[in-house]
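Enquirer: structural data only, the sequence is not supplied:
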């Protein structure tokens, strides 16, 4: 029986290993946009429907596309200080933040304060291509040059609205102009983009933005550097920094703590009084981040009975961008002793422990922490 099951299990293992992480029943392996759809699904940029399908021929709203574009560029955690007011969306609207970020990074434009965004209108191919090109720093070309480039391949150049001519021309130069296999000779700028076309456009945008992002994106995508406490064993993997399990970081309490007056289970708040940085000086945690936890073990020091004990159990961190994430660590307060005091405390117990807000304590991490070095976002 075991001999029979062995090849079966091996076959099943091989099957699961070779199966794509995401597979839609309505997107076959040989579908023209399958690689882009699967990749963007794996990265969380696009999602399928509750029934498990992708529906590649369905359309996408302008709000949905703005949200997808911001995610594709990895800027969903960017903070926009001065939002633009639209008459047809409010801060409660589900894609409000994404739309504001798309505006900030100049992916879309707004002529006047109080303009309309039309979030529920379908995004056209021309609009989607314009957003993709706006993410980039591109060579400047004239309207006539764009028409000349497009006329060599597409038959509908003369009917394309003027605002889409330049973006389409630049997209063609950069091989970003996605067309349906059934209509390779038309740009169809005013036609609503399908979900499959959007996947193709977003994929091309992501690849080009890695090479030539516009000025605001270039700054946002840059790993931030600074001075601070060097976490010696921290590593850098691409745009991410890893604070390993066992790393030591310094923090300062907001209030006085003592083995004589604090209680086990009592909540405490601490803060990072300096940046935590990698050996390469990339910022992992910014100065001013708050940490929260509770006293894990507090015991009063009593003469001839026991020395005091004061152990901190940290659970959360709130970054300067107002993200609250897991930050698991522990710190046991001890006093520096020479050989004589070590002897005294072993024989004549009763040591008292206290920490004032001016004192720095050292927290040992119990779990690794992964940080996006471009924006300080802690990945969970």
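Expert: Yes, it's here. Not measured: the values here are computed from a predicted model.
Enquirer: which stretches of the stretch 1-150 of the chain form helices?
Expert: All helices of the stretch 1-150 of the chain, identified by DSSP state H, counting those that start in this stretch, fall at 2-18, 34-42, 62-72, 96-104, 125-134, 143-151.
Enquirer: which one of those helices lies closest to residue 346?
Expert: Proximity to residue 346, assessed across the helices of the stretch 1-150 of the chain by Cβ to Cβ, is greatest for helix 2-18 (56.9 Å). Using the backbone N, CA and C atoms, a C-beta is placed for each residue, glycine as well.
Enquirer: mean confidence score for that closest one?
Expert: For helix 2-18, the mean per-residue pLDDT is 38.
Enquirer: could you export the helices of the stretch 1-150 of the chain as TSV, including mean neighbour count and distance to residue 246?
Expert: Listed next are the helices of the stretch 1-150 of the chain as TSV, based on neighbours: other Cβ atoms under 10 Å; distance: least, Cβ to Cβ, whole Å:
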stretch	mean neighbour count	distance to residue 246
helix 2-18	9	32
helix 34-42	19	31
helix 62-72	24	33
helix 96-104	22	36
helix 125-134	24	44
helix 143-151	15	57
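Enquirer: among those helices, which is nearest residue 351?
Expert: helix 96-104 (52.0 Å).
Enquirer: what about residue 165, neighbour count?
Expert: 23 (other Cβ atoms under 10 Å).
Enquirer: how close does the nearest residue to it once chain neighbours are set aside get to residue 176?
Expert: Excluding the flanking residues, the one nearest residue 165 by Cβ to Cβ, 6 or more residues apart in numbering is residue 146, at 5.0 Å. Distance from residue 146 to residue 176, counting by Cβ to Cβ, to the nearest Å: 13 Å.
Enquirer: need the overlap of contacts for the two.
Expert: Common neighbours of residue 146 and residue 176, counting by Cβ atoms under 8 Å, 6 or more residues apart in numbering, are residue 170.
Enquirer: could you dump the helices of the stretch 1-150 of the chain into CSV and include distance to residue 85?
Expert: Rendered in CSV, the data for the helices of the stretch 1-150 of the chain read as follows (distance: least, Cβ to Cβ, whole Å):
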stretch, distance to residue 85
helix 2-18, 50
helix 34-42, 31
helix 62-72, 16
helix 96-104, 10
helix 125-134, 21
helix 143-151, 32
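Enquirer: need the contact list for residue 40.
Expert: Contacts of residue 40 by Cβ under 8 Å, 6+ apart are 46, 68, 72, 199, 202-203.
Enquirer: which two among these are spaced furthest apart?
Expert: By the measure Cβ to Cβ, 68 and 203 form the most distant pair in these, at 11.0 Å.
Enquirer: can you list the low-confidence ranges for the stretch 151-300 of the chain?
Expert: For the stretch 151-300 of the chain, no stretch has pLDDT under 70.
Enquirer: how about 90 then?
Expert: Applying pLDDT under 90 to the stretch 151-300 of the chain flags the ranges 180, 182-183.
Enquirer: what about the helices in the stretch 201-350 of the chain?
Expert: Under DSSP H, counting those that start in this stretch, the stretch 201-350 of the chain gives helices at 215-221, 339-347.
Enquirer: per the record, what domains does the chain have?
Expert: The record's domain parsing of the chain by automatic domain parsing lists 20-221, 229-379.
Enquirer: state the distance from residue 104 to residue 121.
Expert: Counting by Cβ to Cβ, the separation of residue 104 from residue 121 is 21 Å.
Enquirer: number of nearby residues for the closest residue to residue 367 other than its chain neighbours?
Expert: Counting by Cβ to Cβ, 6+ apart, residue 367 lies nearest to residue 328, which is 4.6 Å off, once chain neighbours are set aside. Per other Cβ under 10 Å, the neighbour tally for residue 328 reads 18.
Enquirer: ok, residue 328 - contacts?
Expert: Contacts for residue 328 were tallied using Cβ under 8 Å, 6+ apart; they are 314-315, 365-367.
Enquirer: how far away is it from residue 364?
Expert: Separation of residue 328 from residue 364 (Cβ to Cβ): 10 Å.
Enquirer: equivalent analysis for residue 73, please.
Expert: From residue 73 across to residue 364, the span is 36 Å (Cβ to Cβ).
Enquirer: any chance of a PyMOL selection covering the buried ones in the contacts of residue 328?
Expert: Per 16 or more other Cβ atoms under 10 Å, the buried members of those correspond to this PyMOL selection:
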select buried, resi 314+365
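Enquirer: list just the nearest of the contacts of residue 328 to residue 224.
Expert: Using Cβ to Cβ, residue 365 is the member of those that lies nearest residue 224, at 21.0 Å.
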